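[1] my questions concern the predicted model and sequence given below.
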Amino acid sequence: MDRSRRRRQFNRNLEEERTGRERFRFPLDMDEEEGREAPAKPAERSGKTSEDSDLIRREQQKSLLGESRYSRKRPRRNTISKARAVPSAIHGSKGNPDSARRDETEASSGDQKSGYSSPIVEELKRERAQREKKQRERMEKRAEKTEAERSIGVVTGQSGKAKVEQEIEAETDAEIDTQESGTDVQESGTGKKSTSPFNVMMTPYDKNKYRAKSKAQAKRSGPKNTLPPLHILGEGQDGSYDSVDEALADEVAAAFDAIGVPVRVVAYRTNGIVGRFELSMKRNFRLNVVGKLKEHLLSVMPFEDFKLIVPIAGTSNIGVEFILPEPYTIPFSTLFSSSSLKLRKNDFKFVVGKTVDDQIFSFPLKKAGQILVYGGAEEYSSAVVDNILFSLMMNHNPRELQIMIASDKAHYREYEGLPHMFSTSRSITDKHVLKDILEELNNRHNQFRRAHVRNLDSFNQRVGNDSKKSVIVVVIDDLADLFEHNNPEAIRAIVQILKKGKPLGVHLIMNHSRDDVGLRFELLQMMQTRISFKDGKSKVVDGAKELTEGNDMMIQIPTSNKPLRVNAGVLTQKIKEDVLSHLKGIFR
């Protein structure tokens, strides 16, 4: 047989002899006492016994070193022992109930072996015991006092609300003190156990959470003021304002036939002040030629001034807009009750008037940003400002809306004494007319930066009711007087508000009624919403030169690239006095 093959062949005798040999213990795995006794025992080397002859597998044999193994790791020179119990993320300072006994055993065995007690640990234990003792004494005294008051019936003389708040504050402080000490205190006499988390020290988040939960248990009383009712605004618009004048429609069609352009009246729309005939023309007629026909139509039309719409949006027809011979006034009550403002939502929407299509023009103030009213007589421009302010005051209380007026006109003296006023009315020529607003603007800017927010809504969502900021509306009338008196401080403040005011909740409503005083282009670009009355040069809004004198204006909003023709609503003097007196009496 080959030698290599013979070497690999299994030899039963050699295997039995190798199995019967004595296994020597490894010195490092032996205890000190066993290590000293081990050399004294002679290594018995006897013949084969019945036990040695039995073939026992290695995994079934009893380990000779099992008794000498440690139940825990041997402490070494670089082992770091903890000075105090670190709270667990799951079990807190109480620890795992299963491992509590094991930790005590390990700590006691380690102390006995090392023979050293840390003075830091002892000091912490002593302070903790004193704190727990003081807390128990305080809770016992409080329980005895409460029990005595209940039994004797002591009347403290405080109001019910103040007493409830004091009790809630005391309970909250007791809970926080108990939670900071990390113990569960048993209240004597009541049998209740304070529920505290397992944390050794409560975080500010936990403290605020428990304090808010305790205060929420008390009954909260709502506001005692109400918003003005809708019936105080008076009656609406006359229902016959949209009736069609057939004779006038025939005259318009005859005027186009007179210049050789046959048309047919398709529809008629009106808002009570401005009417519009929708005319259908032949297909082979080019619409871009219609604009040049206005000069020929002036002499044959039944009205003096009109405006051609070529074409009407969404159709191939043209429109003729004109002032009605007998206009119907648009009351403010119609604007308010026919729009979404009647739902009394807290969305800061305002209404100005009606479009030619008989649609209510309403827009949110937070989207409108800074508003400019350009041109027009004083009665019409002031009516636009009144519509905006009354729309906001009807749906928002003084905690949500504040108003400041910078004007020398007697028209705004009625607003004095309102609870919505941010400050008293000042003259437009005053050097520090906008000083308070500028300080409020800078304060809000710093507070929003600390809160990591960018706008007013985000800030109010993060703070409580007492810390919420209100929307501030600043009325400047007239802006032309401010430019004439050369008030640089006020102009700088206006520029700052135009740049930063919209996200911070500060909005400007500026009236510029004189066309002879120029308006800088840089300021005009920062005014997002522009309202223009008739303007021969259309400086502010395109198409303003085609308007008529009086209650007729073009409005350019930031969400649209096309201006709208709007007729303002009318707020009578009696309704203004009723609403203002109601607001002054309710919120006083």
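    Received the coordinates, thanks.
[2] Asp357 and Arg269 touch, don't they?
    Yes - Asp357 lies in contact with Arg269 (CB atoms under 8 Å); the separation is 5.6 Å. C-beta here means a position set from N, CA and C on the backbone, and glycine is covered the same way.
[3] what residues are shared contacts of these two?
    For the pair Asp357 and Arg269, residues contacting each of them under the criterion CB atoms under 8 Å, 6 or more residues apart in numbering are Arg276.
[4] the two: which is more packed in?
    When Asp357 and Arg269 are compared on other CB atoms under 10 Å, the one with more neighbours turns out to be Arg269, at 18 against 12.
[5] name the element the more buried one belongs to?
    With elements delineated by DSSP states H and E, Arg269 resides in strand 263-270, which encompasses its position.
[6] where in the chain is the helix or strand with the lowest mean pLDDT?
    helix 50-53 (a mean of 46; mean pLDDT, DSSP states H and E).
[7] returning to what we had before: the helix or strand following the strand holding Arg269 to strand 263-270, inter-axis angle?
    Helices and strands here follow DSSP H and E; after strand 263-270, the next one along the chain is strand 274-281. Note on geometry: by axes from the mean of the first three to the mean of the last three CA atoms, to 10 degrees, strand 274-281 and strand 263-270 are set 150 degrees apart in direction.
[8] send me strand 274-281 as CSV with only the CA atoms.
    Presented in CSV, the C-alpha positions along strand 274-281 are these (Å, rounded to 0.1, in the frame of the first residue of the first chain):
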residue,chain,number,x,y,z
VAL,A,274,-72.1,100.8,-16.4
GLY,A,275,-73.9,98.8,-19.1
ARG,A,276,-72.4,96.6,-21.9
PHE,A,277,-74.0,95.4,-25.1
GLU,A,278,-72.5,92.3,-26.7
LEU,A,279,-72.5,92.6,-30.5
SER,A,280,-72.1,89.8,-33.1
MET,A,281,-70.5,90.7,-36.4
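[9] can you list the strands that it pairs with?
    Sheet pairing of strand 274-281 (DSSP bridges) gives strand 263-270 (antiparallel), strand 318-323 (antiparallel).
[10] please point out which parts of it sit buried.
    When burial is assessed from 16 or more other CB atoms under 10 Å, strand 274-281 yields the following buried residues: 274-279, 281.
[11] over to stretch 551-568?
    Taking 16+ other CB under 10 Å as the neighbour-count basis, stretch 551-568 is seen to contain the buried residues 551-557, 563-568.
[12] chain center to it, what's the gap?
    In terms of CA atoms, centre = their mean, to the nearest Å, the centre of stretch 551-568 is set 30 Å apart from its chain centre.
[13] circling back to that earlier point, quick one: which of the buried residues of strand 274-281 is nearest Gly239?
    Distances from the buried residues of strand 274-281 to Gly239 were compared by CB to CB; the smallest belongs to Gly275, at 16.1 Å.
[14] phi, psi of Gly272?
    Taking degrees, to the nearest 10, you get phi 110, psi -20 for the backbone angles of Gly272.
[15] geometric centre of this structure: which residue is closest?
    With distances taken as CA atoms, centre = their mean, the chain has Ser458 as the residue nearest its mean C-alpha position (2.8 Å).
[16] next up, the contacts around that one.
    If a contact means CB under 8 Å, 6+ apart, then Ser458 has Ala451 as its contacts.
[17] tell me which element it is part of?
    Following DSSP H and E, the helix or strand that holds Ser458 is helix 456-462.
[18] then Ala406?
    Short version, using DSSP H and E: Ala406 is in strand 401-407.
[19] what is that strand packed up against?
    In this structure, strand 401-407 makes packing contacts with helix 378-395, strand 471-477, judged by 3 or more CB pairs under 8 Å, 6 or more residues apart in numbering; DSSP states H and E.
[20] switch the cut-off to 6 Å
    Packing partners of strand 401-407 (3 or more CB pairs under 6 Å, 6 or more residues apart in numbering; DSSP states H and E): strand 471-477.
[21] pLDDT at the residue nearest to the centre of the chain, what is it?
    Reading off the confidence values, Ser458 has pLDDT 94.
[22] and the helix or strand where Lys145 lies, what's buried?
    Under the criterion DSSP H and E, the helix or strand holding Lys145 is helix 119-152. Under the neighbour-count criterion of 16+ other CB under 10 Å, helix 119-152 has 135-136, 139, 142 buried.
[23] considering these, which is situated nearest to Leu365?
    The closest of the buried residues of helix 119-152 to Leu365 turns out to be Arg142 (CB to CB; 51.8 Å).
[24] so how far is Arg131 from that closest one?
    Between Arg142 and Arg131 the computed distance is 17 Å (CB to CB, to the nearest Å).
[25] kindly report the same for Leu343.
    Leu343 sits 56 Å away from Arg131, taking CB to CB as the criterion.
[26] which parts of the stretch 201-350 of the chain are helices?
    Using DSSP state H, counting those that start in this stretch, the helices of the stretch 201-350 of the chain run over residues 204-216, 246-258, 294-297, 332-337.
[27] between those, which one is closest to Glu439.
    In terms of CB to CB, the element of these nearest to Glu439 is helix 204-216, at 29.8 Å.
[28] show the average pLDDT along that closest one.
    Per-residue pLDDT over helix 204-216 has a mean of 70.
[29] any idea how many residues pack against Thr424?
    Other residues near Thr424 come to 10 when the count uses other CB under 10 Å.
[30] identify the residue nearest it in space, chain neighbours excluded?
    The shortest distance from Thr424 to any residue other than its chain neighbours is 7.3 Å, reached at Glu416 (CB to CB, 6 or more residues apart in numbering).
[31] ok, now how distant is that neighbour from Ser425?
    When CB to CB is applied, the distance between Glu416 and Ser425 equals 6 Å.
[32] neighbour-wise, which of the two wins?
    Ser425 (18 against 12).
[33] give me the phi and psi for the more buried one.
    Note on Ser425: backbone dihedrals following degrees, to the nearest 10 are phi -70, psi 140.
[34] got the contact list for Ala258?
    Ala258 is in contact with Val300, counting by CB atoms under 6 Å, 6 or more residues apart in numbering.
[35] how near is it to Glu251?
    For Ala258 relative to Glu251 (CB to CB), the value is 10 Å.
[36] among the helices of the stretch 201-350 of the chain, which is the most enclosed?
    Highest mean neighbour count among those (mean count of other CB atoms under 10 Å): helix 332-337, with a mean of 23.
[37] hey, C-alpha coordinates of it in CSV?
    As requested, the backbone C-alpha atoms of helix 332-337 are provided in CSV (Å, rounded to 0.1, in the frame of the first residue of the first chain):
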residue,chain,number,x,y,z
PHE,A,332,-72.2,98.5,0.5
SER,A,333,-74.7,96.0,1.9
THR,A,334,-75.1,94.4,-1.5
LEU,A,335,-71.4,93.9,-1.9
PHE,A,336,-71.1,92.4,1.6
SER,A,337,-74.1,90.1,1.6
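[38] circling back to that earlier point, Serialize the buried residues of stretch 551-568 to TSV and add fields for distance to Val475, pLDDT and secondary structure.
    Output for the buried residues of stretch 551-568, formatted as TSV (distance: CB to CB, whole Å; pLDDT from 0 to 100; DSSP: H, G, I helix; E, B strand; the rest coil):
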residue	distance to Val475	pLDDT	secondary structure
Asn551	20	90	coil
Asp552	23	92	coil
Met553	18	94	strand
Met554	21	95	strand
Ile555	18	96	strand
Gln556	20	95	strand
Ile557	19	95	coil
Pro563	23	93	coil
Leu564	23	94	strand
Arg565	25	94	strand
Val566	20	95	strand
Asn567	22	95	strand
Ala568	16	94	strand
